[in-house]
Every structure is written in structure tokens, then in C-alpha cells.
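> quick one, what's the 3D model for this:
(2 chains)
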Amino acid sequence: MPADFISSLFVFILAAFLGFELIQRVSPLLHTPLMSLTNALDAIVVVAAIIIAGRHKTHVSTVLGLIAVVASFSNMVGGFLITDRMLHMFKSTKAKKQ
Amino acid sequence: MSPASLQQLIDFSYIAAVIGFILALKWLSSPVSAMRGVLIGEIASAVAVAATLFDPQVTHYKWILIALIIGAGIGVPLGMVKMTAVPQRTALSHAFGAMSASLIGIAEYYVGTPHLTKFEMAEIGLEVIIGSLTFTGSVIAAGKLQEILPQRPITYRGQNIVSLSVLATALALMVVLIFHPEYTHLFTAMVVVALIFGIMLVTPIGGADMPTVISLLNSYAGFSAALLGFVLDSKVLVVAGALDGASGFILSVIMCKAMNRSFTNVLFGAFGQVKVSAAKSTEERVVRSATAEEAAAILSAANKVIIVPGYGMAVAQAQHKVRELYDSLTKRGVDVKFAIHPVAGRMPGHMNVLLAEADIPYDKMVEMDEINGEFPQTDVALVIGANDVTNPAARNDPSSPIYGMPILDVDKARTVMVIKRSMATGFAGIDNPLYYLDRTLMLFGDAKGFVGNIVRELSGGAA
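Purely as a prediction, here's the structure:
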């Protein structure tokens, strides 16, 4: 088994456990924004897409990479935007009275 | 700057991004700090993207910039959709995320073949299969939520066997490719079969199971990104994918628990279709109905009211009228709260977002476990467009198909009012004994119209 696989596996296990702990603390009130925010964070695959498209190895890989840049970057922009809009709507009684 | 130190700088920016992602999720735990969480997530992502543009491997900028502009051009309208369209938008974003992960895996295959090691081929194969099935599955889910496709489950005899053999075919092709990565046509076939499996996976699932399915697809999309991180040896993808995958997984578990069902049951059970024979014993039972005027009189005499919203409220777009009702009751000194069942609506937290959009303060939205103890001291429980999540049969009728599902105990309130179009059954196709109780008043009509009428009666009474 390659060494980089083992180190990735370490990172994966740690991140998954951390994710479980963090997400269990998110109030059910915010489960919809949670989903849109994790979606936006997950759109970080755009960095891989940029490299695949930008290193220009074959025409096929460049075209596939560019499509992936479009799809993941739209997720990043759209995901943050809608999470932001949703969270702006959540107000408590106290905030309303002010 | 030397290439080595440039690479280090890029790596450090990815580490900074990972810290940002973790803080973003941490701060999402409360509505007070959540805005800060989004901001740090945005900064983290921007840093990572900017750093990547300086990567020495990137030599062709023009098309990348064009692709980023197009992506932003698609992303902005998708970020500005109406709140009622959020479930289908979310399904669509799972589709986009899974599609990019899958396409990058496919590109890696074509760049690497035929020199891929068995291990690399296995990683790519698995990643592309999960990414592809999540892509088509999410597209189908979005189609159902947008009501382009029928929301009811589409099933046929032997469906599960057919679906599972399609998945087995994709995996078998992957195994052959591990030993013969040069068979590019088999790779194409594997992708196509995985895409077909995604369609077959979601088509039989009905509308009310969407909260679970959308969470599962969320989880798959995350894990496919993490697997891509393994393929590319990119730790930032591994972390982001693991966090997203864990989030989707937890949400699916919560949704399954809230329906008292297992994953396999949701995925292969096709709920709501075969249940017709189960509850046909309904003889003509009497229901009491009331007018908006009578309902307004009872509500204005109450001290404590709990409103139970369901998917019907979303369909009727009644949330703003509900806010007017909330305002006019609160003004009269009535204590009004909202009881939120975890699977009310079409995605986790759906009702909260709709109510928040209508300006209802979030501290008035109470989860099932917290509010159930309050129903016995409640004068009126007003059910708007919810059905199965209020069905007492889940608690006391072992023969009921939904027996064991946690429900909101609305039947314990002194008076129950149910706004409903007709006596038609809910998604599970089960009769609801709640409607025949002596303390229950049926308010027949469209949710938006009826709530509007109650509000008018209330303000008429005040004048």
C-alpha cells in the first residue's frame, strides 16, 4: 500500500471523527444551512479541477477539468450565498424587539 | 520565489483553509455565531482557490478564468433562489459536486492509463462509481422535488434485484479494470452503468422520504470528494470531503430515526405504495369540522397555542399568513410556539428555514423532543399541512405501518385543529385516528386561504 494512501487515511479518519463531533452540535434549527454550507465547503474540489485543467496534459482531461471548474465553482459561490441569506433570516425574539 | 518555497506557500494556504472549514462548522452550532462561520468558510475557500492559481502546474489561465466566471454566473442565481426552492437547489448542488468529483477522476484515468497501478485504478474506479451514481441520483431527486418528475415512488416487480445487479455490474467492471486499466471502453461502460444505477436508486423513492435521501446523497457527494483526495493525494480534499460526508451521514441517521426506519428500508422499501390494503377497515366515522370564525374564537380564548407545520404549509406557501396569525395571537397575549418534527418537509430543517423567512423568531421553533411534554398544557394545537407526523397510531397501534415512529403528541392538547384540504390520507397512505377524536376540529380548506380567514376574523373581532 502506498505511503501517501496511509497518510491520507490518517487524515480522513481524523477529519471524519472531528466532523461527527462538530456536526452533532449543530442545532436542528440550522440543518438546512448546514447542508448548504458543507456543500459550499465541499466545492473546494475546484482546486483540483483548476490543476487538472491548467496543466493541460491531454485535450480530454483539460475539457473535463474545465467543466469541473464550472460545476464546483458554481457550488462554491451559490452555496455560500444561500447559506448567508438563510442565516440572515434567523432572528430571535430579542433581536426583533431591538 | 523558488518553486519549492512556492509549493510550501500553497500547502500552508491549504492548511489555513482546512482550519477555516473546521471553524466554519464549529460556529454553525448556534444561530448567534453562524454568520461568522460562513464568513470564515468563505475566506478559507477564497485563500485556497487563489493559492491554487499560483500553482506551477497551472500553465493555461485563459480558459480557467472563463470557467470560473461561468461558474460564478451559474452560482449566483442558484444562491438567490426562493426559500421554497431550497430542497431542489440542494439536490442540484449535490449533483454538481458529485459531477465535478467524478469528472476529475475520469480525467485522471485518461491521463494515467495505461500506467496506473492496481491501487490507483481501484481508487479511481471507486471514486468515479460513487461520484457518477450520486450525480444522476441527485438529478432525479431534484427533478422530483421540482415536480418535473412524479413525487410518488415508481416501482416494479423485482426492482431491487435488477438495481443491485446493475451496481454489481459496475463493481465487476471496476475489478476487471484493476487488472487491465488499458481497456478504456470498459471504463466508459463502468461510468455509464454507475450513472444508470444512480437513476434506479432514487426513482423508487417517494417525496416524504426525500429528507433521508437528500442527506444520503449529501453524504455520498462528500465521500466521493474525499476519495478524490485519496486519488490526487490532496489532503484539503480529504478533509473537506470527510466533513461533508460525515455531515450528510449524521443527517441521514437523524432522519431515519425520526421515521423509525432503517437505511435499507428507505432505499429499497418504496414506502407509501403497497400500504393501501393495510388501513381499509375505516367505517364511516364522524369528524367535526369548524369554520374560520369558530377557529378564531377558540384561538383567541386560548392561553397557549402550538402550531405544527408540515409539507402542506410549504406547498400552499402559507408561511407568511402563518406569521400574521402568530403576530395577531401574540399581540393578544397568547403564547405561540411552533413544533418541528425532524422529517417535516422535504429536507432536514426545511420548516425552520420557511418560518425564519416569514420572520418568525427562531426561539419559538421547538424540536419534537423538547415540545412533546408541553402538549398536555396546551389549549390549542393547530396542525397546518402535517399528517403522518401527528398520527397517534404510531404510538398505540402495533398494526399500523408507521407504528414506532416518533410523533408530535398533538392529541394530548385540549383542542386540536387540523387545516387540511380533504380527508385524504397522508404520504404513508394511512388513516389518521387523530381526526376522529372528540377534541379535534377539522378546518377544511387551503392552508394559506384558511389561515388568512382566521387572521381576518381575529382582527375583525379586535376592531
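> any stretches of chain B with poor pLDDT?
In the predicted model, chain B carries pLDDT under 70 at residues B:267-284, B:426-429, B:461-463.
> please redo it, this time with the cut-off set to 50
Residue ranges of chain B with pLDDT under 50: B:271-281, B:463.
> domains of it?
Taking automatic domain parsing as the reference, chain B has its domains at B:95-269, B:279-462.
> need the winner for burial among those.
Burial of the domains of chain B is given as mean neighbour count (mean count of other Cβ atoms under 10 Å in any protein chain shown); domain B:95-269 ranks first at a mean of 22. For every residue, glycine as well, the C-beta is placed using N, CA and C.
> just the buried positions in the longest helix seen in chain A, please.
Secondary structure of chain A per DSSP state H: the longest helix is helix A:59-89. Of all the residues in helix A:59-89, those buried under the rule 16 or more other Cβ atoms under 10 Å in any protein chain shown are A:61-62, A:64-87, A:89.
> need the strands for chain B, in chain order.
Here chain B has its strands, by DSSP state E, at B:304-309, B:335-340, B:365-367, B:380-384, B:415-420, B:440-444.
> by contact count, what packs against the second one?
Applying 3 or more Cβ pairs under 8 Å, 6 or more residues apart in numbering or on different chains; DSSP states H and E, we find strand B:335-340 packed against strand B:304-309, helix B:319-331, helix B:350-357, strand B:365-367, helix B:368-371.
> swap the cut-off to 6 Å and go again
Other helices and strands packing on strand B:335-340, by 3 or more Cβ pairs under 6 Å, 6 or more residues apart in numbering or on different chains; DSSP states H and E, are strand B:304-309, helix B:319-331, strand B:365-367.
> before we move on, the earlier item: among the buried residues of helix A:59-89, which ones lie close to chain B?
Subset of the buried residues of helix A:59-89 in contact with chain B: A:61, A:64-78, A:80-84, A:86-87, A:89, counting by Cβ under 6 Å from any Cβ of the partner chain.
> mind checking how far B:S400 is from A:L18?
40 Å (Cβ to Cβ, to the nearest Å).
> ah, wrong one, I meant B:L228
Per Cβ to Cβ, B:L228 is found 19 Å from A:L18.
> can you check B:N303 too?
In this view, B:N303 and A:L18 are 45 Å apart by Cβ to Cβ.
> how about B:S5?
Counting by Cβ to Cβ, the gap from B:S5 to A:L18 is 30 Å.
> so between these two, which is more surrounded?
Per other Cβ atoms under 10 Å in any protein chain shown, whichever of B:S5 and A:L18 has more neighbours is A:L18, with 17 against 9.
> doesn't the more buried one lie inside a helix?
Yes. When classified by DSSP: H, G, I helix; E, B strand; the rest coil, A:L18 is found to be part of a helix.
> ignoring the adjacent residues along the chain, who's closest to it?
Closest residue to A:L18 apart from its sequence neighbours, by Cβ to Cβ, 6 or more residues apart in numbering or on different chains: B:I22 at 6.6 Å.
> what is the burial count for the one you found?
20.
> same deal with the one 4 residues further on?
Summarising burial for B:K26: neighbours were counted as other Cβ under 10 Å, giving 18.
> so can I have JSON lines of the domains of chain B showing distance to B:Q57?
JSON lines is the format used below for the domains of chain B (distance: least, Cβ to Cβ, whole Å):
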{"stretch": "domain B:95-269", "distance to B:Q57": "11"}
{"stretch": "domain B:279-462", "distance to B:Q57": "38"}
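> relative to B:A51, which of these is closest?
Checking those against B:A51 by Cβ to Cβ gives domain B:95-269 as the closest, at 9.9 Å.
> that closest one close to chain A?
Yes. Counting by Cβ under 6 Å from any Cβ, chain A is contacted by domain B:95-269 at B:96-97, B:99-101, B:103-104, B:106-107, B:110-111, B:218, B:222, B:225-226, B:230, B:232-235, B:237-240, B:242-244, B:246-247, B:250.
> from the chain's centroid, how far away is that domain?
The chain centroid and the centroid of domain B:95-269 are separated by 17 Å under Cα atoms, centre = their mean, to the nearest Å.
> so where is chain A shaky, pLDDT-wise?
Scanning chain A for pLDDT under 50 picks out A:98.
> let's see 80
Of all residues in chain A, those with pLDDT under 80 make up the ranges A:1, A:94-98.
> now B:K62: how far from chain A?
10 Å (Cβ to the nearest Cβ, to the nearest Å).
> next one: phi and psi at the spatially most central residue of chain B?
By Cα atoms, centre = their mean, chain B has its centre lying nearest to B:M347, at 2.7 Å. Note on B:M347: backbone dihedrals following degrees, to the nearest 10 are phi -150, psi 160.
> which residue is the nearest non-sequential neighbour of it?
B:P87 (4.4 Å).
> list the contacts of the residue in the stretch 101-250 of chain B that chain A sits nearest to.
Closest contact between the stretch 101-250 of chain B and chain A, by Cβ to the nearest Cβ, is at B:A246 (3.1 Å). When contacts are counted by Cβ atoms under 6 Å, 6 or more residues apart in numbering or on different chains, B:A246 touches A:16, A:19-20.
> using PDB, write out every CA atom in stretch B:99-113.
Extracted in PDB, the C-alpha atoms of stretch B:99-113 (Å, rounded to 0.1, in the frame of the first residue of the first chain):
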ATOM      1  CA  MET B  99     -20.200  15.600 -11.100                       C
ATOM      2  CA  SER B 100     -17.000  17.600 -10.600                       C
ATOM      3  CA  ALA B 101     -15.500  14.900  -8.400                       C
ATOM      4  CA  SER B 102     -16.400  12.200 -11.000                       C
ATOM      5  CA  LEU B 103     -15.100  14.200 -14.000                       C
ATOM      6  CA  ILE B 104     -11.800  14.900 -12.300                       C
ATOM      7  CA  GLY B 105     -11.500  11.100 -11.600                       C
ATOM      8  CA  ILE B 106     -12.300  10.400 -15.200                       C
ATOM      9  CA  ALA B 107      -9.700  12.900 -16.300                       C
ATOM     10  CA  GLU B 108      -7.100  11.300 -14.000                       C
ATOM     11  CA  TYR B 109      -7.900   7.900 -15.600                       C
ATOM     12  CA  TYR B 110      -7.300   9.100 -19.100                       C
ATOM     13  CA  VAL B 111      -4.100  10.900 -18.200                       C
ATOM     14  CA  GLY B 112      -2.700   7.900 -16.200                       C
ATOM     15  CA  THR B 113      -3.800   4.900 -18.300                       C
END
